[in-house]
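S.K.: just a sequence and a predicted model for now, questions to come.
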Amino acid sequence: MLEAELAIRTDEANDNHHLWNNNGTWFIHYTVYPTAVTKKRIRRSLKTKSLDEARRLRDDIFLSFDVK
């Protein structure tokens, strides 16, 4: 579990939420709140060209947060 609070809005109709493809490589983007008054936008490479693997990696990252 990570200490920062995850802040995401999920469109259940979009299987690729929080993912984007940049020249063939999949990236994830989301926002965390390390404290109640600060936020940090995270954008990082998932280092894969496979959409299925990118979705799995995204889900694993989100599961690492203690979502209430």
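M.R.: It's in.

S.K.: and Asp60, how close does it get to Ala54?
M.R.: 11 Å (CB to CB, to the nearest Å). Every residue, glycine included, has its C-beta placed from N, CA and C.

S.K.: those two - which one has more neighbours?
M.R.: Ala54 (23 against 10; other CB atoms under 10 Å).

S.K.: wait, what's in contact with Lys39?
M.R.: Applying CB atoms under 8 Å, 6 or more residues apart in numbering, we find Lys39 in contact with Ala7, Thr31, Val32, Tyr33.

S.K.: who touches the lengthiest strand in the chain?
M.R.: For the chain, the strand with the greatest residue count under DSSP state E is strand 25-35. The contact list for strand 25-35 (CB under 8 Å, 6+ apart) reads 2-8, 18-21, 39-51, 53-54, 57-58, 61-62, 65.

S.K.: rewinding a little: give me the buried entries from the contacts of Lys39.
M.R.: Val32 (16 or more other CB atoms under 10 Å).

S.K.: buried sites along the host helix or strand of Trp20?
M.R.: Trp20 is part of strand 19-22, with elements assigned from DSSP states H and E. Buried residues in strand 19-22, counted by 16+ other CB under 10 Å: Leu19.

S.K.: just name whatever secondary elements it is in contact with.
M.R.: Other helices and strands packing on strand 19-22, by 3 or more CB pairs under 8 Å, 6 or more residues apart in numbering; DSSP states H and E, are strand 25-35, helix 51-63.
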